[in-house]
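Engineer: Show me how the following folds:
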Amino acid sequence: MALKALTAALLVALAAGAGSARADNPVLTGTVGTNDDFQLSLVDSSGAPVKHLAAGTYTVVVHDRSAFHNFHLFGPGNVEAATAVDATGDQTFTVSLVDGLYTFQCDPHALSGMRGQFAVGTASPPVPTPKLNGSIVGHTALLGGTLLLKAGPAVVTIHDRSKTDGFVLRGPGVAKQTGIAFTGTVTWKVSIQAGKYLYGPIRALSRRKSFTVSAP
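Structural biologist: Below is the predicted model:
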């Protein structure tokens with residue numbers, strides 16, 4: 001009896017020690033699929049989105065709130081922490097993060113934008129690619145996302161709804177247009193440079209507008 005009591009006491013002490021060690025780790029909180037939306041986030045203990053972390057051991061608490069999304073964290077050091085796509089609930093993982101870039105995503109919908117990255121240690125945080133969204137109806141063209149742009153890669157999506165005109169974008173290193181007879185949506189992957197860019201209708205030259213790109 002005394003031996004059994006001693007063994008039980010040791011097991012309780014070990015479990016308490018392990019729980020205390022995990023509680024001492026910095027906590028990251030991941031959430032996916034709130035209200036079944038295409039929602040994904042990873043925040044630190046202050047509630048700020050995770051962009052850069054020191055290398056070390058972390059406790060990741062995941063709130064999986066949708067039966068058709070999941071939360072999957074992976075990266076250097078063989079880190080793999082994932083919930084099931086067809087299940088919901090809270091799960092806790094302990095991960096050891098090393099220098100490098102880590103990805104968290106919903107596996108079925110990563111290509112739909114449910115994906116994020118952060119850097120650890122000496123790695124640099126990923127730089128998001130600017131996304132410019134434009135449209136043309138008749139001879140009226142709009143383009144959003146041009147404020148405070150810096151030189152580098154960019155993705156431009158144009159919704160051409162005009163049967164009498166097209167959308168043109170021109171500037172240093174870029175010469176794109178949809179075509180007057182074309183209607184539909186196009187996406188251009190471009191490398192913008194410092195300087196002035198013009199955009200607007202192909203035919204109605206007086207309605208064109210401009211924006212300026214600064215050096216990186």
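
Engineer: who touches the residue nearest the centre of the chain in this structure?
Structural biologist: The residue lying closest to the centre of the chain (C-alpha atoms, centre = their mean) is residue 116, at 3.2 Å. If you count contacts by C-beta atoms under 8 Å, 6 or more residues apart in numbering, residue 116 has them with 40, 41, 42, 49, 103, 104, 105. Where C-beta positions appear, they are placed from N, C-alpha and C, glycine not excepted.

Engineer: where along this protein do the helices fall?
Structural biologist: Under the criterion DSSP state H, the chain contains helices at 2-24.

Engineer: so what pLDDT did the residue nearest to the centre of the chain get?
Structural biologist: Note on residue 116: pLDDT of 93.

Engineer: Between the contacts of residue 116, identify the one with the most neighbours.
Structural biologist: residue 104 (26 neighbours; other C-beta atoms under 10 Å).

Engineer: check contacts around that one.
Structural biologist: Residue 104 touches 30, 40, 42, 71, 72, 73, 74, 115, 116, 117, 118, counting by C-beta under 8 Å, 6+ apart.

Engineer: gap between residue 117 and residue 36?
Structural biologist: Per C-beta to C-beta, to the nearest Å, residue 117 is found 24 Å from residue 36.

Engineer: These two: who's more crowded?
Structural biologist: More crowded of residue 117 and residue 36, by other C-beta under 10 Å: residue 117, with 16 against 11.

Engineer: Which residues are in contact with the more buried one?
Structural biologist: 101, 102, 103, 104, 126.

Engineer: Setting the sequence-adjacent residues aside, check what's closest to the third one.
Structural biologist: The spatial neighbour of residue 103 that comes closest, neighbours along the chain excluded (C-beta to C-beta, 6 or more residues apart in numbering), is residue 117 at 5.2 Å.

Engineer: repeat for residue 109
Structural biologist: Sequence neighbours aside, residue 38 is the residue nearest to residue 109 in space, at 6.2 Å (criterion: C-beta to C-beta, 6+ apart).

Engineer: I'd say the one you found and residue 115 touch.
Structural biologist: No. Using C-beta atoms under 8 Å, residue 38 makes no contact with residue 115, being 10.9 Å away.

Engineer: Mind listing the shared neighbours of these two?
Structural biologist: residue 106.

Engineer: List the residue ranges of the protein that fall below the pLDDT cut-off.
Structural biologist: For the chain, the stretches with pLDDT under 70 are 1-23.

Engineer: Contact partners for residue 71?
Structural biologist: Here residue 71 is in contact with 30, 31, 32, 40, 62, 64, 82, 83, 104, 106 (criterion: C-beta under 8 Å, 6+ apart).
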